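K.L.:
compute the structure for the input listed below.
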Amino acid sequence: MTSPPLPSCSVRARIHHRPPVTVQLTLDSLSPYFHMRQEDAAYSLGMSLTSLKTCCRKLGLARWPYMRGGTDRQAASSESDVSGGEEGSASVLPSL
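P.N.:
Residues are numbered from 1 along each chain as shown. Next up, the predicted model:
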């Protein structure tokens, strides 16, 4: 048995001022760029932001998964939740 083909998107891209070429994108080929802003990923792929967004929609990706601040912001908010609880609530702190 063979697995079903992955969804893909073909885009005509102009890579760094060269003649346009057809670029075949899949979610697997886009995933290494998810840590970047969408504008930076489009530039790295050599295509316009509009082309990348169109391709992402065709692949079923509603939002670009990049999060500004990432885990640092999540860690800071969880620390403030634990230490800054209301007076009536009990907070559990890990014992050292």
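K.L.:
helices of the protein, residue ranges please.
P.N.:
Secondary structure of the chain by DSSP state H: the helices cover 27-30, 38-45, 49-58, 70-83.
K.L.:
name the residues of the first one that come out as buried.
P.N.:
Residues of helix 27-30 classed as buried by neighbour count (16 or more other Cβ atoms under 10 Å): Leu30. Where C-beta positions appear, they are placed from N, C-alpha and C, glycine not excepted.
K.L.:
taking the mean pLDDT, what do you get for that helix?
P.N.:
Per-region confidence: helix 27-30 scores 91 on mean pLDDT.
K.L.:
CA atoms only: put that helix into CSV for me.
P.N.:
Taking C-alpha atoms only, helix 27-30 is exported to CSV below (Å, rounded to 0.1, in the frame of the first residue of the first chain):
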residue,chain,number,x,y,z
LEU,A,27,3.7,21.5,4.8
ASP,A,28,6.8,19.5,5.4
SER,A,29,8.9,21.8,3.2
LEU,A,30,7.5,24.9,5.1
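K.L.:
could you name the helices and strands sitting against that helix?
P.N.:
Counting contacts by 3 or more Cβ pairs under 8 Å, 6 or more residues apart in numbering; DSSP states H and E, there are no secondary-structure elements packed against helix 27-30.
K.L.:
show me the shaky parts of the chain.
P.N.:
1-7, 12-18, 70-96 (pLDDT under 70).
K.L.:
could you redo the last one with a cut-off of 80?
P.N.:
By pLDDT under 80, the weakly predicted segments of the chain are 1-8, 10-23, 68-96.
K.L.:
contacting residues around the residue lying closest to His35 once chain neighbours are set aside?
P.N.:
Counting by Cβ to Cβ, 6 or more residues apart in numbering, His35 lies nearest to Tyr66, which is 6.7 Å off, once chain neighbours are set aside. Residues counted as contacts of Tyr66 (Cβ atoms under 8 Å, 6 or more residues apart in numbering) are Phe34, His35, Met36, Arg37, Gln38.
K.L.:
burial of the first one, as a residue count?
P.N.:
I take that to be Phe34. 14 (other Cβ atoms under 10 Å).
K.L.:
that one: what's its closest spatial neighbour, skipping adjacent residues?
P.N.:
Using Cβ to Cβ, 6+ apart, the nearest residue to Phe34 is Pro65, at 4.8 Å.
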